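Undergrad: Provided below are the primary sequence and the corresponding predicted coordinates.
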Amino acid sequence: MVELIQAALDMGWPVLAFLACLFVYFQVSISDPVKKKQATFKTFIGMIAAFMLLMAIANYKINFFANSRLLPVSLAMITALAFMMGIYFTNIGALFKIGGFMFLVAAGLSGYGNWLPQVEGGFPPAEVKLDFGSMSAQQLADEGEKIIFGGIGQSKVQGAIGKGQCPLCHGFNEGFLSERAPNLWGVPDRAKTRLDDPRYHKGKPGDRDTEQKEASPGSGTAETGQEYIAESHACPSCFVVAGFGVKGTNDKQSPMPAIHKPPISLSLGELAAVDTWMYVREGKEAPSFEEITKAYEKFIPEADRPKQQEDKPAGAGGGVLATGEEPVDQIFQKATCVACHTIPGIAGAVGTIGPKLVEGTNAPTRIKDPAYKGTAKSTREYITESVINPSAYVVKGFPDNTMPKEFGKKLSAGALNKIVDYLSQLQEGKEPPKIS
Amino acid sequence: MGSLTKKKTLAIMALSAMIGLLLLPIVVSVPALASGGGAPAGGPPPDVVKKEGGEGDKDKKIEKARDVYYKTEGIVSGLPAPKTGDNSKDYPRYNFESRVLLWFANQQHLYYGSFVLAVPIFCMVIEFMGVMTKDKAMGKKYDQLAYDFIKISLTAYSLTAILGGILIFTFLTLYPAFFGYLSSIFRPVMHIYALMFVAESGTLYIYYYGWDKMKEGFLKWIHLSMSVILNVIGTVLMFLANSWIGFMMSPAGVDEQGRFLGNIWHVIHTALWNPLNVHRILGNMAFGGGVVAAYAAYRFLSSKTDEERAHYDWMGYIAMSLGVAFLIPLPLPATWLMREVYAYRQQMGITLMGGLLAWLFIIQATMIGILFLSTNYYLWQALGRMRGAERFQRWIKYFVFLLVCGFLVFITPHTMVMTPAELKAMGGQQHPVLGNYGVMSAKNGGINVIITTTVLTFIWYQRGNRVPSVSWSKFGNIFMGVFFFFAYVNIIWLAIYGYFIPANVRVGLSVPQVATTLSCLFFMTALNLSMLKGAKQIGPIEWGKISVRSQYALIMLATAFTWMMGLMGYIRSSVRLFWHVNEIMRDNSPWAYTHTVGFAANMISFNVLFFWISIMFVFWLGTLAAKKAPVEAKAPVPGQAPQPAVGH
């Protein structure tokens, strides 16, 4: 309040000074006591009105961007002084009264707007550079939850929404009413059954009666549950669940946009994260990152894939140790794993600085170890995590912080996947798998 | 050849020449439009230039791409939409939010633009009524009124042009990258727009200054035809401007990168263009009616004589009636627009009505209620100027009951977007008591009860000082009573029935509810008019003898119209979220977020008040030139003689 008065005085002291001078002038110049009293009263009221106006303006000046809910008070103050002025200047009194009434209406409506809950749309989501390919299933699922709901744990909050905008239409919880689009609870299992729906026309996209027969020319139909999910994201109108089509199209057209295109524009990595969350939250084992992206690649041609590919970390194209196109033994060589680890089946991998990598045997017991600090729930996740974050579990007898923590950035998603595939099959006392 | 015939021939030739001149820019630009108006986006792209220079590799140089909306293939004829960054090159700025400055400039231009487009439509209608009426005195009165209207809009017209200039400068200086892209796409359209603006100005001036010269006989018809031309040009102007906002919301005619594909019609004719056009025409009319009604109220309140009061009372009534006549059908194109929004992008529709912007729709619902309550209040007050209308007073309390009930149901939300803390406090997304209410069919029931009651009030008003004397009046009254009774029963029953059926089926109930209301509106008003033919007058209409409160109801109506227009414009614009051109050109300015409801409400109030302060100035200017009347005789003092039926 003091700040407001100060600002009002700073701004309008000349006006107040003028009125004060006028006040003094009337005291000196008018001799008739009745007229003098009238003039004194009018000047006094004028000073109050001017001060109110200045306060109203100062309130706007200070709080315009501050979301102050008291801003409409300024309008109410101007209303009051407009009516006061209407009494003063009777020849244009109608104008003042109308103006005052309009200010009152505006004050009421503004006040109503400020009284309602204040919802503000945040800034557009920043385009974060993430290497989805090197994440564990849980990490991917967390990213998926962020994309769908805007944050980890937000799936439990009603109304939460993320970049993917999925909850605008889809329900996600078991038993929840989902009138605009199918409820996605149980979709990992349900996806496979959709393929048997006679309207789906598995393997015969040309027989479909939908507006769009295929996601892209020659892409065909899905063969697996994951492919079905990928197809429904890439081409929502290729198969529309009964009752969820655009009104009047008899389920031949879906109201859902292709989410790899603007405005949502999810990259393949983000799509994989979303899908992984849908499996993980139901306690189901998610397909690997590579399997999911492969499914999407079937339906989204190279040219149509979102541009986020350009935003991938610089290391992904140039500075990587292995691209993933090499056989797995070469990947171990290139990444210099062989220098420190003994890896059955890999020539020259006889290092002893790090533990022997028979992860098919080691991982399940280590996850249960109280010393384990990571989040993995399966062997594959444990291996991925131990490459990206070696300190999540430090094997007894081997010092921490010896293994570099940058392999997540130095290995492509494909390379990491091959490593995980191979190591997860290694078991103590058993023959190593064949290298392909 | 007599002098009159010669005059007629000259007039027809002049009119034909004017029409020809008006159509010339369109005719000239048609070939350019068909070919896409050249290469709008910064001249032909390099590959096209190469094609012209080379001989053998023509096909190789032509790049084709797919239209984002029409899905047709077209030759790439423009550059991609620029990718802007948060820097002073793409977004030059003062130490103030550029978006707010643009918001202000845009809104003021729109208010004035809407006003000057709406008023000539009123003039056309009123002038036509003046020509058609058999009562000469009444005809002159209408003519005077139409002239008064156009006089008000003339000063506002130059202000509209000035504000348009300010708007363009604001765009150019604060959003150069975006405006550059938009003008590169719409270059031929913008040129036609400018030419049409010149044509509009010319026609308006001839129409205004020729009023005295063309007041009789055939020349009057020529004058009336000019008002039609004036409105055609005005409407085309608005359609062209609408194509820009339509493109920003639902782009077409470009590929995914925003490159123009050579078909300017696709760019203009976007998914939302047509519903926007219809919605805006009706909205402008309702708004224009509100502004003129406020003008009349101002003149009424500052009148010194009974004669003036009578004239401005009548003017306010006519303006209010026209405004409300366009307000009532306004929800229909609005529904069409929303339907098209949902069809274009469902998530856009949900962001509007069930997401981020949903609270603004609650304000809108409240405002619609205020508009109808004010209208009804005015009509009840207006009964006071009719002798014999006292017999209706006792019914008003029941109307108030119906209106308040309808209003309360109408503004009750079902589900809302809330913060986690609010959700926790409420114990779920739905309020423990109110959450059971507020479904769409019930809300539709609420608004339909309000509109039907307004129709009933209007019928009451028409009968104020008259008693039907047709032989079948008893049957007519019973039929009308039964019709309204079953209309209410049907609307309310469907509102309740909606609670017992699934949501997707419930949505369909709006059709019979709206149909019922429209039936009351059209059939019952028509029936009432035919019953009132040759009706017995039981007292005069004493124009000018209306309460001062009624004039404040008109001002309330006008302010609420203006506020609602600002609100809906804000909603329509902010639904693009962080896109300059939806899905094509991203807004990377520091203001690419959506403001709170409170901030928007403050800003809308500021715009509304600025508009009203400035238009009050225009009104005041109008009074300075009000001394001279264009018609020979002033209209007879209304209220001194009983008014004919058309006077209502």
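TA: Yes, it's here. Source: prediction; values computed, not measured.

Undergrad: A:Gly220: helix or strand, and which one exactly?
TA: Using DSSP states H and E, A:Gly220 sits within no helix or strand.

Undergrad: Excluding chain neighbours, what is closest to it?
TA: A:Pro205 (6.0 Å; Cβ to Cβ, 6 or more residues apart in numbering or on different chains). (C-beta placed from N, C-alpha, C; glycine too.)

Undergrad: Pull the number of nearby residues for that neighbour.
TA: A:Pro205 has 21 neighbours, counted by other Cβ atoms under 10 Å in any protein chain shown.

Undergrad: Would you mind listing the residues in contact with it?
TA: Going by Cβ atoms under 8 Å, 6 or more residues apart in numbering or on different chains, A:Pro205 touches A:Lys213, A:Glu214, A:Gly220, A:Thr221, A:Cys238.

Undergrad: same deal with A:Glu227?
TA: By Cβ under 8 Å, 6+ apart, the contact set of A:Glu227 is A:Ala295, A:Lys298, A:Phe299.

Undergrad: didn't the second one look like it was pressed against A:Ala230?
TA: Yes - proximity of A:Lys298 to A:Ala230 meets the contact threshold set by Cβ atoms under 8 Å, at 6.9 Å.

Undergrad: So between the two, which is more surrounded?
TA: Between A:Lys298 and A:Ala230, counted using other Cβ under 10 Å, A:Ala230 has the larger neighbour count: 28 against 19.

Undergrad: Let me see the confidence value for the more buried one.
TA: On the pLDDT scale, A:Ala230 is placed at 91.

Undergrad: residues near the closest residue to it other than its chain neighbours, how many?
TA: Setting aside the residues directly before and after it, A:Ala230 is nearest to A:Ala295 in space (Cβ to Cβ, 6+ apart), at 3.9 Å. By the criterion of other Cβ under 10 Å, A:Ala295 has 27 neighbours.

Undergrad: In which helix or strand does A:Ala295 reside?
TA: Here A:Ala295 is assigned to helix A:289-299, by DSSP H and E.

Undergrad: and the gap between the residue in the stretch 1-150 of chain A positioned nearest to chain B and A:Ala107?
TA: Closest residue of the stretch 1-150 of chain A to chain B, Cβ to the nearest Cβ: A:Gly113 (2.3 Å). With distances taken as Cβ to Cβ, to the nearest Å, A:Gly113 is found 11 Å from A:Ala107.

Undergrad: Neighbour count: the two, which is higher?
TA: The neighbour count for A:Gly113 versus A:Ala107, taken as other Cβ under 10 Å, is higher for A:Gly113 (28 against 21).

Undergrad: Nearest spatial neighbour of the residue of chain B found nearest chain A, chain-adjacent residues omitted?
TA: The minimum distance from chain B to chain A, using Cβ to the nearest Cβ, falls at B:Ala601 (2.3 Å). Closest residue to B:Ala601 apart from its sequence neighbours, by Cβ to Cβ, 6+ apart: A:Gly113 at 2.3 Å.

Undergrad: How about the contacts made by B:Gly234?
TA: Neighbouring residues of B:Gly234 by Cβ under 8 Å, 6+ apart: B:Val116, B:Leu117, B:Pro120, B:Ile121, B:Glu200.

Undergrad: rewinding a little: my read: the residue nearest to B:Ala601 touches B:Val597, true?
TA: Yes - under the criterion of Cβ under 8 Å, A:Gly113 makes contact with B:Val597 at 5.2 Å.

Undergrad: shared neighbours of these two, anything?
TA: Shared contacts of A:Gly113 and B:Val597 (Cβ under 8 Å, 6+ apart): B:Ile363.

Undergrad: Looks to me like A:Ala230 is in a helix.
TA: Yes - under DSSP: H, G, I helix; E, B strand; the rest coil, A:Ala230 falls within a helix.

Undergrad: Surely it and A:Ile292 touch.
TA: Yes - counting by Cβ under 8 Å, A:Ile292 is a contact partner of A:Ala230 at 7.3 Å.

Undergrad: Find residues that contact each of the two.
TA: Counting by Cβ under 8 Å, 6+ apart, the residues touching both A:Ala230 and A:Ile292 are A:Leu271, A:Asp275.

Undergrad: Roughly how far does the residue nearest to A:Gly220 sit from chain B?
TA: Going from A:Pro205 to chain B by Cβ to the nearest Cβ, to the nearest Å gives 18 Å.

Undergrad: Count the residues that sit near residue 141.
TA: Since you didn't name a chain, this refers to chain A. If we define neighbours as other Cβ under 10 Å, then A:Ala141 has 23 of them.

Undergrad: let's do chain B instead
TA: 25.

Undergrad: and if you look at the one 3 residues further on?
TA: Applying other Cβ under 10 Å, we find 20 residues neighbouring B:Gln144.

Undergrad: Over to B:Phe561?
TA: 26.

Undergrad: sec struct for it, please.
TA: B:Phe561 ends up helix, using three-state DSSP.

Undergrad: Model confidence score at A:Gln309, please.
TA: 41.

Undergrad: So what does B:Met386 have for phi and psi?
TA: phi -110, psi 130 (degrees, to the nearest 10).

Undergrad: just checking, B:Pro333 touches B:Pro275?
TA: Yes - using Cβ under 8 Å, B:Pro333 is in contact with B:Pro275, at 5.8 Å.

Undergrad: sorry, back to before: hmm, the residue nearest to A:Ala230 is touching A:Gly225, no?
TA: No - counting by Cβ under 8 Å, A:Ala295 does not reach A:Gly225; the two are 9.4 Å apart.

Undergrad: So which bits of stretch B:132-139 are buried?
TA: The neighbour-count check on stretch B:132-139 (16 or more other Cβ atoms under 10 Å in any protein chain shown) flags B:Thr133, B:Met138, B:Gly139 as buried.

Undergrad: Quick check: which element contains B:Ala65?
TA: strand B:64-66.

Undergrad: In its sheet, which strands sit next to that strand, and in what direction?
TA: As defined by DSSP bridges, the strand partners of strand B:64-66 come to strand B:73-75 (antiparallel).
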